[in-house]
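Visitor: mind folding the following:
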Amino acid sequence: MSEEVAQELLGQPWDDIGKRLLLYAARKMRGKTWMGVGGGDPTGAYEAQDYVSTVIAKLFTGERHWDPRKDPSLFHWLTAQIDSEINNALTSLRNKRAAPASWAAEQPDNQTPESLYFEKEQQKETEEVLLGFYEFLEDEPELQEIVGACIFEGITERAEVIERCGIKASEYDSRRKRLMRRAGAYKTARR
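Guide: Got it, this is the predicted structure:
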């Protein structure tokens, strides 16, 4: 990696890029056929964050080369790399095999394939709404920070969110009120 590219990489807003890439990868993976199951679990149990981590690691190890002169947007270049990784996984022989027979034996007795399908669809819909709301808050990064802590880090307790965001309780309460108003606006906008 050239010194110029290394300097360019150091100046990138990695927190923002990482979150946007995670959203991108999650959307890209949604609805694909994995292990013979439409909307099933990805090959090798890879999640969106695994594809993001792999692509960034390949960039820094030199396995993939970004040229800022050819593609000045690192984010767009990284999305193309994620597309490549996901497409490779989709076309791999491992993914072409049907779900293993042991899969059915591992499922709880009360879950039919139909109920599993509907459960996964509900989960996807919930994720889509949450990720859409996160993007909806792009103009208010302090609110986006709270939602991001909940979505990406699983932090839901008030005290933990306050600690994670490094704010006072009164500031959290103020942001929460604004967040509720924006949630109402998002709900109206989705109709």
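
Visitor: stretch 74-84: how far from the chain's middle?
Guide: Put simply, stretch 74-84 sits 14 Å off its chain's centre (Cα atoms, centre = their mean, to the nearest Å).

Visitor: who touches A25 in this structure?
Guide: Counting by Cβ atoms under 8 Å, 6 or more residues apart in numbering, A25 makes contact with A48, Q49, Y51, V52, I82, I86. All C-beta spots, glycine's among them, are computed from the backbone N, C-alpha and C.

Visitor: what about it, distance to E142?
Guide: Distance check for A25 against E142: by Cβ to Cβ, to the nearest Å, it reads 25 Å.

Visitor: in this protein, what helix or strand scores lowest on average pLDDT?
Guide: helix 101-106 (a mean of 48; mean pLDDT, DSSP states H and E).

Visitor: next helix or strand past that helix?
Guide: helix 113-136 (DSSP states H and E).

Visitor: quick one, helices of this structure?
Guide: Using DSSP state H, the helices of the chain run over 3-10, 14-29, 48-61, 74-91, 93-96, 101-106, 113-136, 141-153, 158-165, 169-190.

Visitor: domain parsing of this structure, as residue ranges.
Guide: 1-98, 112-191 (automatic domain parsing).

Visitor: weakest of those domains by average pLDDT?
Guide: Between the domains of the chain, the lowest average pLDDT goes to domain 1-98, which shows a mean of 77.

Visitor: that older thread, between the helices of the chain, which gets nearest to D67?
Guide: helix 3-10 (7.5 Å; Cβ to Cβ).

Visitor: pull the CA atoms of that closest one into CSV?
Guide: Listed in CSV are the C-alpha atoms of helix 3-10, where the atom choice follows Å, rounded to 0.1, in the frame of the first residue of the first chain:
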residue,chain,number,x,y,z
GLU,A,3,2.0,6.1,1.6
GLU,A,4,-0.5,8.3,-0.2
VAL,A,5,-3.3,5.6,0.1
ALA,A,6,-2.3,4.9,3.7
GLN,A,7,-2.6,8.6,4.6
GLU,A,8,-6.0,8.8,2.8
LEU,A,9,-7.2,5.8,4.8
LEU,A,10,-6.2,7.3,8.1
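
Visitor: which elements pack onto that helix?
Guide: Based on contacts counted as 3 or more Cβ pairs under 8 Å, 6 or more residues apart in numbering; DSSP states H and E, there is no element that helix 3-10 packs against.
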